[in-house]
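> turn this into a structure:
(6 chains)
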There are 6 protein chains.
Amino acid sequence: MSKIAVINPNLSEGFTRKVGDQARSIVGANTDIIALNPQFGPASIEGYYDEAFASVGLLSVIRDLEAAPDHIANPIGGYVVACFDDTGVDAARCLTSAPVLGLCEGALRMAAAVASRFAIVTPMPVSVRPLEHLVAKYGAASQCVVRAAGVRTLDFEGDGADAAYQALKKQAKASLTEDRSEAIVLGCAGMTDIADRLKDELGVPVIDGVSAAVKMIEAMAMLGLHTSKVGAYASPPLKTYHGMFSGFAPQG
Amino acid sequence: MSKIAVINPNLSEGFTRKVGDQARSIVGANTDIIALNPQFGPASIEGYYDEAFASVGLLSVIRDLEAAPDHIANPIGGYVVACFDDTGVDAARCLTSAPVLGLCEGALRMAAAVASRFAIVTPMPVSVRPLEHLVAKYGAASQCVVRAAGVRTLDFEGDGADAAYQALKKQAKASLTEDRSEAIVLGCAGMTDIADRLKDELGVPVIDGVSAAVKMIEAMAMLGLHTSKVGAYASPPLKTYHGMFSGFAPQG
Amino acid sequence: MSKIAVINPNLSEGFTRKVGDQARSIVGANTDIIALNPQFGPASIEGYYDEAFASVGLLSVIRDLEAAPDHIANPIGGYVVACFDDTGVDAARCLTSAPVLGLCEGALRMAAAVASRFAIVTPMPVSVRPLEHLVAKYGAASQCVVRAAGVRTLDFEGDGADAAYQALKKQAKASLTEDRSEAIVLGCAGMTDIADRLKDELGVPVIDGVSAAVKMIEAMAMLGLHTSKVGAYASPPLKTYHGMFSGFAPQG
Amino acid sequence: MSKIAVINPNLSEGFTRKVGDQARSIVGANTDIIALNPQFGPASIEGYYDEAFASVGLLSVIRDLEAAPDHIANPIGGYVVACFDDTGVDAARCLTSAPVLGLCEGALRMAAAVASRFAIVTPMPVSVRPLEHLVAKYGAASQCVVRAAGVRTLDFEGDGADAAYQALKKQAKASLTEDRSEAIVLGCAGMTDIADRLKDELGVPVIDGVSAAVKMIEAMAMLGLHTSKVGAYASPPLKTYHGMFSGFAPQG
Amino acid sequence: MSKIAVINPNLSEGFTRKVGDQARSIVGANTDIIALNPQFGPASIEGYYDEAFASVGLLSVIRDLEAAPDHIANPIGGYVVACFDDTGVDAARCLTSAPVLGLCEGALRMAAAVASRFAIVTPMPVSVRPLEHLVAKYGAASQCVVRAAGVRTLDFEGDGADAAYQALKKQAKASLTEDRSEAIVLGCAGMTDIADRLKDELGVPVIDGVSAAVKMIEAMAMLGLHTSKVGAYASPPLKTYHGMFSGFAPQG
Amino acid sequence: MSKIAVINPNLSEGFTRKVGDQARSIVGANTDIIALNPQFGPASIEGYYDEAFASVGLLSVIRDLEAAPDHIANPIGGYVVACFDDTGVDAARCLTSAPVLGLCEGALRMAAAVASRFAIVTPMPVSVRPLEHLVAKYGAASQCVVRAAGVRTLDFEGDGADAAYQALKKQAKASLTEDRSEAIVLGCAGMTDIADRLKDELGVPVIDGVSAAVKMIEAMAMLGLHTSKVGAYASPPLKTYHGMFSGFAPQG
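Next up, the predicted model:
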């Protein structure tokens, strides 16, 4: 039995449920999914400012999971950071020795294996540059472009959902011809349920970050891979943390 | 039930059995592994020249699998090219709509998720530059170095196996300090059984390409991902092939 | 009269005083320096994990300064993030329209103007990869290498200070010959007082990040430059923040 | 007397004659041109799949030339791979010590010497990404774009030739303004006879790959340059080849 | 008292006066500005050819300043090369130990601190590629595009000034939407007086190279930074210069 | 009959004779070599400062050649700038429509065709960074390293010649093992006569820039290639030049 924690770093419980359900629907029979979100932080994550706070929330969830009584007997085999900005992934890799993956990293890896060029379509323009930095960090700058649909994340829920979908599809379609994209990556965790529709309507692979990252971390967990504790992801050196963060002080 | 074909593009049946066994030992209960090699081509793959011939052998195996009577009812869900040079992967992606992954690509993706810098250690110096080109193609040039152990692939079998292992370990260890590597990628399909030993002796993650690629393609197959048929991996246009390759003519 | 806030994102008040004094000693007569640190967070910043917490502390200081009664009449003209990891700089640029600069960015800009190749020497190995990522982000990867002295930040204070200095000097000197560096950048805010000594002993320019960033932000403030509010550094969109971060919710 | 072999890796003898004639028309009086094509393989080369087979055909021609009785007394001084995809060039460099050049490499080198930015215009969209990979491999990514005319190679022969020319010219012209290209590279071996017309009509340099590669290899042959046998292009290590490829086994 | 020399490498004295006045209006009370131009060379600098001659003129001014009787007692603290092509900056860094900065370098550094993406708008198309090479050299290629207004430098003076401004504004505005630029850099020294107008009309930061470079060099001079005399900017080795350049022979 | 001008931009007539002889010994029977140097400028070219003056000298030679009475009837077919720093090449491309090539560009193109990795070995350390910038500009940064022998150019003449050769050979040999170089490029025009000796002693290809550039420009001249007059190398716009440069004013 393998245990995967899918952590939504924003505060929307509906969203946490959604990504948890999606994760459960695609993992193997021996994989157990825990879907959680922090108890503090932003309601959604759009841009660098939100990310700074969501990172701390993410770390709080990992800390609590690893401090839980059953953690030694039955440890988490891998973590998915269920946000397309890969918020806090580097810090999380310092905190735990289980592998950690963000949606962007997972999605780019699978997209690159099925398409020679592809596009990320994200809701908000404010996310384009942060995503371009991630794309460069992951080495995909020569094959991946980032476009924004010009809608907000929450627009994909409720009455405006179809209008949001159409805005996103318009950018995806434009990318196929203008950017010569061969596949589309959904640039937000909240889009997991529109992947199939978009794939059918466009006739190209559509990669959902939740699915890609969950399956990839499940694969890594089954192989027993751990984050290297030498170098950049070494456990944080022992030191004092003050004030409201005192509970986060590294134990060295 | 998902069916994954692991194709060893060289002619060594012992080697095919070895990677097949390794693949079977790590996939889920619902995944069926077929391990095959071509009927013609080089006995091992070391450098650009061998690759040219092994590519055709690889394509012959895929062609035959996709022409088999049961292929429509029970298609292959994904292909692993069981060679660390990712021989013929681009051509194979044109031939089939199932996802195709080489060992190098699979291994680099997992290595990048557990280490900020890492090294590929490959047997022969002649492979270093071809692997550096792959590393650049996969966008990992700023975090991955390639080293050669100075032994031949077959040295890892039989009486010289320990000496070969020691040569490889020496380079891996040197990379941890000289290159600040945080993990080691085994740069050859034939090394799958030494990953655990090396990991224990060095204390850093050791990534075996067979394991990484098989688990990643299994994940992609389960998600129903297909290679994009728009752009670089489109089906080859209809045309005549002559002479001993006439049976490979694309059907358009 | 121009007002520059130098924010030390860690909790060491001695350190805050030190960088404040250094800043005051180099700015013009019409520039007022405010040196502050957050009330919560890590005692020092070494690697990705500490950064995640220090970012929030940094943002809390900026928020409080901009909410202060005299802010409208006498606004802050620029912010220096007095940490060489440039912790939270992107998020801070979203929060304020005053220009924001980290020590690494400031130091790299001046180093590149006086040397064709140079090295950052930082205390801890755990900081090397985060700094290499900054160097790449700032476009200096082809001219800047990062080395670690193998000492901790606090070693530069008190009895071990000379040993720490010698360790740092050894790496700096090695870089002049082995990396063909032409100048040295001190990769930590706490080293501001050793710049002159090192310059005299090595005979090459030594750039201290505090000095570089403070003078550069003072220059930008005097020119009336503001952070662009279009694109990546736009004000964070209005939304709810929960729990202990509720006071940080963007006002839209 | 210098002997240059121009090898068309596809099976079109008319095409082989055409590139042979073009080569003969531009070399010096002391250079002898041999134009050949393999006896097996694809009728034309469009994309990765065709390339895999054409590479083997190319190698068969080189092998046979180097095994010919007069080869020792009167060796080939250089090889041109007369395909713009530079099919099999790396493998060919392992097989022979004479220098080997593809059309793309030759054309890019001359284009970069007469223009600061330029475009490759190729017939088929399926070739755009393979050519972009070549452009990156040859270090020209910051100055060269690739466009497709949307016609097939054979369209440049017979009744549709003018329509094909107009489609190509349209893309070339668009590149001058939209991409700020300063010269045009013809991205196919079959276009050698339209270079002059296009140059006259557009008023910018037009580089034909056959001419560029033949003259460059002629220059290298006259200088007595040989492919390095140390490293990536070392002679393939001795090994067994099986089945229909047994005749290609390297002699070590 | 600090002394900064602002050298206009072209022969327009009106232009020299303009940049001198601009420099004086922004430096601190203790900074003395000397604005000079050479006695020989081109009337304006547009492209590589003009640059070759302007470089020598620039060096003649620096040589004369450093040979002046009061130079030892009251040395120049820093040089600004008041041309956006950064003409002769590398050579000037060899000639003097004072820091030297061109307008492009100064402007890019400040632009990158206030915007994640930005555009240089320059008068003439012939300058676009030289500026793109500078942008790449300064490591800003992934965040900076270059556009030309299609007017000549002198058009910004006299009757046609408003038409020239409108042409420039049109390109700047287009860049905000088409290139997602977040700030505009004025790509010519002669535009210093339109920065405020453009900023007001576009609502994004507008960076003037003269202001940016003068303030940055003033900051560096105050910090006592000198150009490294080890490596690329070492004093030129002693040798003979002939003919009309004999007076420029390095003294070793 | 084709006419190639080989211009040594420094003032050493012995050197001019040497490169002229070398050029004549390798071109075809129908190629006429003119070897010239300017009448003013530095005695040798080592680093950025010398380059600034040598560029003007180079342009003076081209100007005079193109103004000569027989130029229209019998124009120069191509120019070689016989300096490994490619001094003034961009400006020269603006001045003439004949193709222009520096030694570095010519040598890198041939080296890349016979080796997957290679090293430039240059006499003086001061040239290393300027050459690294050229290497990057020519797109060879991932396959070419630059080393200095630590001797001066003139050391290759007279009594110290063998010591200079041994110093160079030592660096070349070290590069074969330490950098995995597969070929050596001689990084100075004055080394043309040691290429054969070094090749014999090291057993790898040794590329001499004079030979490479002369043969490549001869090839381009025979193909009738001209420098594009659209974009970066357009003829310099009409303007006034003052003082001692008045004779260089572009005619528009």
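
> quick one: pLDDT of residue A:123?
Listed pLDDT for residue A:123 reads 91.

> residues contacting it?
By C-beta atoms under 8 Å, 6 or more residues apart in numbering or on different chains, the residues touching residue A:123 are A:46, A:148-153, A:155-156, A:164, A:168, A:187-188. Bear in mind the C-beta positions are built from the backbone N, C-alpha and C, glycine included.

> can you select the buried ones from those residues in ChimeraX?
For the buried members of the contacts of residue A:123, the matching ChimeraX selection, counting by 16 or more other C-beta atoms under 10 Å in any protein chain shown, is:
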select /A:46,148,149,151,152,153,155,156,164,168,187,188
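
> which of the contacts of residue A:123 sit farthest apart?
A:46 and A:168 (15.2 Å; C-beta to C-beta).

> and the nearest residue to residue A:71 once chain neighbours are set aside, what element?
For residue A:71, ignoring the flanking residues on the chain, the nearest one in space by C-beta to C-beta, 6 or more residues apart in numbering or on different chains is residue A:65 at 6.6 Å. Element membership of residue A:65 [criterion: DSSP states H and E] is helix A:48-67.

> ok now that helix, how far from the chain's centre?
Distance, stretch centre to chain centre, for helix A:48-67: 13 Å (C-alpha atoms, centre = their mean, to the nearest Å).

> next step: the contacts of residue A:123 restricted to strands.
residue A:148 (DSSP state E).

> and the contacts of residue A:123, which is closest to residue D:240?
When the contacts of residue A:123 are ranked by distance to residue D:240 (C-beta to C-beta), residue A:187 comes first, at 50.2 Å.

> the closest one reaches residue A:125, doesn't it?
No. Residue A:187 lies out of contact with residue A:125 (C-beta atoms under 8 Å); the separation is 11.6 Å.

> and the strands in the stretch 1-150 of chain A?
Taking DSSP state E, counting those that start in this stretch, the strands of the stretch 1-150 of chain A run over residues A:2-7, A:31-36, A:41-42, A:78-81, A:100-102, A:118-122, A:144-148.

> switch those strands over to CSV; also include distance to chain B.
Formatted as CSV, the strands of the stretch 1-150 of chain A follow (distance: least, C-beta to the nearest C-beta, whole Å):
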stretch, distance to chain B
strand A:2-7, 10
strand A:31-36, 9
strand A:41-42, 24
strand A:78-81, 10
strand A:100-102, 6
strand A:118-122, 8
strand A:144-148, 9
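
> quick check: which of those strands is nearest to chain C?
With C-beta to the nearest C-beta as the criterion, chain C lies closest to strand A:41-42 of the strands of the stretch 1-150 of chain A, at 5.2 Å.

> and the stretch 1-150 of chain A, which residues reach chain D?
Taking C-beta under 8 Å from any C-beta of the partner chain, the part of the stretch 1-150 of chain A that reaches chain D is made up of A:116-117, A:142.

> so, low pLDDT: which residues of the stretch 1-150 of chain A?
Applying pLDDT under 70 to the stretch 1-150 of chain A picks out no residues at all.

> show me which residues of it are close to chain C?
So the stretch 1-150 of chain A meets chain C at A:11, A:38-44, A:46-53, A:55-57, A:59, A:88, A:90-91, A:93-95, A:124-126, A:128-130, A:133, A:137 (C-beta under 8 Å from any C-beta).
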